[in-house]
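# need the 3D shape of this:
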Amino acid sequence: MNKFSILPGHPSSPVILHVPHASRTIPPEIREALLLDDAALDTELDEATDTGTDLIATLGADYAHMRPWVVCNAYSRLVVDPERFPDDSEPAAAYGRGAVYTRTCTGTLLRQEPLTNADALLDTYFRPYATAVSELVTDRITASGRAVIIDVHSYPPHPSGFKDPTLTRPALCLGTDPIHTTDWLNAAARRAFHPLGDIVENEPYAGCYVPLDRYGHDQRVAAVMIELRRDTYLPGHGHEPGPDAVAQIGTYLAALVDTAAEVDADV
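Next up, the predicted model:
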């Protein structure tokens with residue numbers, strides 16, 4: 001199985017929809033090293049997986065006037081998390097949730113600690129993914145002079161064990177970066193998702209994904225994270241997306257994609 005998929009968009013589109021956490025798939029050799037029984041693993045996957053965000057991204061791409069490019073991680077974030085920093089600079093590593101998780105959402109052991117095969121997992125899963133996204137960003141810059149990464153995520157209505165329970169949990173958490181989230185992109189995201197209701201910036205999650213080779217310095221790369229609270233599109237306490245809600249959110253995402261594709265590169 002491929003570790004990720006890149007669905008082509010319009011040759012001139014600068015927009016990349018990035019979907020890193022939608023999969024529940026874990027290769028057998030990785031499953032053997034996880035300390036959870038099947039029931040506990042299912043519970044962990046229920047909380048950790050951004051269920052349906054791949055469908056939302058697909059619909060957003062379908063509805064957009066100019067099709068964006070779409071990157072989807074084929075494996076669960078429990079294999080590796082492609083959005084974490086792969087070293088000690090990752091803040092989540094302090095509670096066992098760095099690029100390779102050793103702890104569950106509730107803080108129990110997921111893998112044996114200390115972890116002895118982190119480099120092998122990073123070489124097999126993390127670095128090829130990071131390289132592919134970086135090359136796609138370079139390709140979009142070559143084609144259109146810029147790249148716009150829209151990071152598509154979701155989060156549970158109630159905080160995980162390692163999260164601050166006092167933080168706001170809005171219908172949409174907008175993750176931004178002081179360098180890569182331009183004013184126009186921030187405003188476009190708020191305008192597109194306004195029908196959801198409350199939108200809060202960088203709470204309870206902060207930041208957005210930019211390839212490390214361009215992070216913090218290449219202003220040709222704009223980025224924003226869309227974090228949907230899951231009860232906006234998962235009915236009740238279920239884990240199957242509500243088709244009407246997903247379709248509606250797909251139109252919001254398409255509106256953001258359209259603005260991102262049309263805006264002047266010099267804005």
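# the biggest helix by length in the chain: which residues count as buried?
Ordering each helix of the chain by length in residues (DSSP state H) puts helix 243-262 first. Neighbour-count burial for helix 243-262, with 16 or more other CB atoms under 10 Å as criterion, is recorded at 245-246, 248-250, 252-261. C-beta coordinates here come from the backbone N, C-alpha and C atoms, glycine included.
# low-confidence ranges in the protein?
The chain contains residues with pLDDT under 70 at 1, 237-238, 264-267.
# what segments of it are helices?
28-31, 38-48, 53-63, 118-121, 127-144, 183-192, 243-262.
# of all those, which one comes closest to Leu167?
Closest of those to Leu167 is helix 38-48, at 16.4 Å (criterion: CB to CB).
# what helices and strands are in contact with the closest one?
Counting contacts by 3 or more CB pairs under 8 Å, 6 or more residues apart in numbering; DSSP states H and E, helix 38-48 packs against no other helix or strand.
# which parts of it count as buried, going by neighbours?
Of the residues in helix 38-48, 41, 44-45, 48 count as buried by neighbour count, 16+ other CB under 10 Å.
# only C-alpha atoms, please: export that helix in CSV.
Only the C-alpha atoms of helix 38-48 are listed here, as CSV (Å, rounded to 0.1, in the frame of the first residue of the first chain):
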residue,chain,number,x,y,z
ASP,A,38,-8.0,-4.4,19.9
ALA,A,39,-10.8,-2.7,21.9
ALA,A,40,-8.5,-0.1,23.4
LEU,A,41,-6.9,0.5,20.0
ASP,A,42,-10.3,1.1,18.5
THR,A,43,-11.1,3.6,21.3
GLU,A,44,-7.8,5.4,20.7
LEU,A,45,-8.4,5.5,16.9
ASP,A,46,-11.9,7.0,17.5
GLU,A,47,-10.4,9.9,19.4
ALA,A,48,-7.2,10.4,17.3
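# name the residues that touch it?
Here helix 38-48 makes contact (CB atoms under 8 Å, 6 or more residues apart in numbering) with 21, 24, 31, 34, 36, 76-78, 104-105, 110, 156, 160, 239.
# go with 10 Å
Contact with helix 38-48 is made by 21, 23-26, 31, 34-36, 51, 76-78, 81, 97, 101, 104-106, 108, 110, 155-156, 158, 160-161, 230, 237, 239, as judged by CB atoms under 10 Å, 6 or more residues apart in numbering.
# isn't Thr181 up against Tyr209?
No: using CB atoms under 10 Å, Thr181 is not in contact with Tyr209, being 11.4 Å away.
# what touches both of these two?
Contacts common to Thr181 and Tyr209, judged by CB under 10 Å, 6+ apart, are 175, 223-225.
# got a quick PyMOL command for the buried subset of those?
Filtering the shared contacts of Thr181 and Tyr209 down to the buried ones (16+ other CB under 10 Å) takes a single PyMOL command:
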select buried, resi 175+223+224+225
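# could I get the shared contacts of Thr181 and Tyr209 as a markdown table with distance to Tyr215?
Below are the shared contacts of Thr181 and Tyr209 laid out as a markdown table (distance: CB to CB, whole Å):
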| residue | distance to Tyr215 |
| --- | --- |
| Gly175 | 14 |
| Ala223 | 9 |
| Val224 | 14 |
| Met225 | 14 |
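# closest to Ile141 out of the shared contacts of Thr181 and Tyr209?
Ala223 (13.1 Å).
# what bridges to that closest one?
Residues in a beta bridge with Ala223, per DSSP bridges, are Ile149.
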